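**Student:** Predicted model and sequence follow; I will ask about them next.
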Amino acid sequence: MKITLLSIDAEKKQCANKDVSGNFGTVTRIGKSIPAKLIELSKKRGVNLPILSLAYAAAILSKNGHDVSFLQDKISKDSDLIIIHSSMIDYKHEIEIAKKIKKTTNSKVGFMGPFSSVKSDLFLPYCDFVICGEPEAALINLKETIPKGKIISEPIKNLDSLPFPLWDIFPYEKYSYSPVINKKPFLVMQSSRGCTYSCSFYCPYTATQGTVWRARDPDKIIEELKYLKRKFKIKGFLFRDPVFSLDKERAKEIAEKIIENNLDIEWACETRLDLLDENLLDTFYKSGLRAINVGIESENEEILKKSKRKSINKTHQEKIIDYCDKIGIKVSAFYILGLEDDTEKSILDTINYAKKLNTHIAQFAINTPIPGTGFYENMKDRFLTNDYEKFDNYTLVFRHKNLTPEQIERLKEKAFVSYYFRPKWFLSYMKRRLAN
């Protein structure tokens, strides 16, 4: 069967990325001022991540004997089947493309991805099938007959049973993760799925990956890295695990094996600061770790607690960030504005705390109920809009008990502009860049 995997560029979105926020996607909307637009532009130019699930799909389908191709924003005229990766931030445009395919070609159309998985009713009228859940199991069973309707795909229990992602058909030379990892070629990989923390109540990753943690064998990870080095000459990569160091000993073993095999590669990961210590960071750095993404979320521990988010001891938090800066690991800190008990004062306190930490990158998102999470179910009667494209992580979409949408917009722009347009941040940014 001739199968095309289709990724669609976000229509009319200034700074959109469909691979982040658990593949639901985000649109970075900072504000209307010139400084705000400059920040948006810099973010748009720096990060270009591939959709990892499509590369896994390519590997599985190719292994099963299908003729697989990848297209970015182009429609194949002679495919038996076109599978579109869905997003929340651009789903209307994606549906329009599906309708166009059905109208102008003889191809069957399927959707995969977290948003179509949890909101399949939006997509089913315009396609032949929707894969719900992690897509790999359904794709393994895709033979010569194209399925119909809603397909429930069970999670893969043994991640080591999956083939390595097939990057050959993707424009891998174009992927980047600047300014935290500047070396290219750059690719992504995943060593584990799922997360056991209580913040899964809000987290988009667990909407499809679940709360059961599944990890790959460290030796398989090293084997994949050797393959990526040999085949694509990669110089940098990002672990797409929700929490890379959930098992600290396993994470350390992976780093030690990178060192033992002299892979000479820079990498980044997402984790929690309370799952890091100085000894572990020393090993990580020696193996090539140059950037970590961490959630700070709020300065106010009581607000975090009420939001079912496990806070991190501030002394430890600040100690680890300072140590990362000392040894040369860039920290991207993520903050959430508009948590349920937030006030204008608590958000201003969070902005000031972000400036105190002065990390390489600071990201200020707005509290957003993601479909498939408990938070979404709790907020249903407070939604200000039913347009899911507004659920972009930078727009307030529910009625907040203390703040208006206008207040949130003003505070969001203030957070970004006042953070990045500071001499202290600029000097530290240049120092970190020059150090590498």
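**Tutor:** Received it, and whenever you're ready, just let me know what you need.

**Student:** what residues does the strand or helix carrying S62 touch?
**Tutor:** Using DSSP states H and E, S62 falls within helix 52-63. Contact with helix 52-63 is made by 3, 5, 7, 19, 23, 68, 70, 83, 85, 112-113, 135-136, 139-140, 142, 162-167, 169-170, 188-190, 240, as judged by CB atoms under 8 Å, 6 or more residues apart in numbering. All C-beta spots, glycine's among them, are computed from the backbone N, C-alpha and C.

**Student:** which residue ranges form the strands in the stretch 301-436 of the chain?
**Tutor:** Using DSSP state E, counting those that start in this stretch, the strands found in the stretch 301-436 of the chain span residues 330-337, 361-366.

**Student:** and I258, what helix or strand is that in?
**Tutor:** Residue-wise, I258 maps onto helix 248-260 under DSSP H and E.

**Student:** From the contact counts, what lies against that helix?
**Tutor:** Packing contacts for helix 248-260, counted by 3 or more CB pairs under 8 Å, 6 or more residues apart in numbering; DSSP states H and E, involve helix 218-232, helix 278-287.

**Student:** can you rerun that using 10 Å?
**Tutor:** strand 214-215, helix 218-232, strand 266-271, helix 278-287, strand 289-297 (3 or more CB pairs under 10 Å, 6 or more residues apart in numbering; DSSP states H and E).

**Student:** Dump the strands of the stretch 301-436 of the chain to TSV, plus mean pLDDT, mean neighbour count and distance to I152.
**Tutor:** Listed next are the strands of the stretch 301-436 of the chain as TSV, based on pLDDT from 0 to 100; neighbours: other CB atoms under 10 Å; distance: least, CB to CB, whole Å:
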stretch	mean pLDDT	mean neighbour count	distance to I152
strand 330-337	96	22	32
strand 361-366	96	21	31
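
**Student:** May I see the ones you listed organised as CSV, with distance to P179 added?
**Tutor:** Output for those, formatted as CSV (distance: least, CB to CB, whole Å):
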stretch, distance to P179
strand 330-337, 8
strand 361-366, 8
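
**Student:** Between those, which one is closest to D274.
**Tutor:** With CB to CB, the closest approach to D274 among those belongs to strand 330-337: 14.2 Å.

**Student:** That closest one vs strand 361-366, what angle?
**Tutor:** Strand 330-337 runs at 20 degrees relative to strand 361-366, counting by axes from the mean of the first three to the mean of the last three CA atoms, to 10 degrees.

**Student:** Partner strands of strand 330-337, with direction?
**Tutor:** Sheet pairing of strand 330-337 (DSSP bridges) gives strand 289-297 (parallel), strand 361-366 (parallel).

**Student:** what's the weakest-modelled helix or strand in this protein?
**Tutor:** helix 206-209 (a mean of 77; mean pLDDT, DSSP states H and E).

**Student:** helices or strands next to that helix in the packing?
**Tutor:** Going by 3+ CB pairs under 10 Å, 6+ apart, helix 206-209 lies up against helix 114-118, strand 192-193, helix 374-379.

**Student:** Could you list the buried residues of the longest one?
**Tutor:** What it means is helix 374-379. 375-376, 379 (16 or more other CB atoms under 10 Å).

**Student:** wait, isn't M112 in contact with H85?
**Tutor:** Yes: here M112 lies in contact with H85, judged by CB atoms under 10 Å, at a distance of 6.1 Å.

**Student:** Settle it for me: which of the two has more neighbours?
**Tutor:** Counted by other CB atoms under 10 Å, M112 and H85 do not tie: M112 has more neighbours, with 28 against 23.

**Student:** Please tell me how far that one sits from L54.
**Tutor:** 8 Å (CB to CB, to the nearest Å).

**Student:** what's the overlap in contacts for the two?
**Tutor:** 5, 83-85, 135 (CB atoms under 10 Å, 6 or more residues apart in numbering).

**Student:** quick check, nearest of those to L228?
**Tutor:** The shortest approach to L228 among the shared contacts of M112 and L54 belongs to L5, at 19.4 Å (CB to CB).

**Student:** Could you look up the next helix or strand downstream of the helix or strand hosting the closest one?
**Tutor:** For L5, the host element (DSSP H and E) is strand 2-7. Scanning forward in sequence from strand 2-7 by DSSP H and E, the next helix or strand is strand 16-17.

**Student:** Describe which strands that following strand pairs with in its sheet and in which direction.
**Tutor:** If you go by DSSP bridges, strand 16-17 pairs up with strand 26-27 (antiparallel).

**Student:** how much does the next helix or strand after the strand it pairs with deviate in direction from strand 361-366?
**Tutor:** Per DSSP H and E, the first helix or strand lying C-terminal to strand 26-27 is helix 34-46. Angle, helix 34-46 to strand 361-366, by the same axes, to 10 degrees: 110 degrees.

**Student:** any residues touching the helix or strand just after helix 34-46, and which ones?
**Tutor:** For helix 34-46, the following helix or strand on the C-terminal side (DSSP H and E) is strand 47-48. Outside strand 47-48, the residues that touch it by CB under 10 Å, 6+ apart are 15, 17, 19-20, 28, 171, 174-180, 186, 238.

**Student:** Report the mean per-residue pLDDT for strand 47-48.
**Tutor:** What strand 47-48 shows for mean pLDDT is 86.

**Student:** just use 806 as the starting number from now, easier for me
**Tutor:** In the new count, where the first residue is 806, that last one comes out as strand 852-853.
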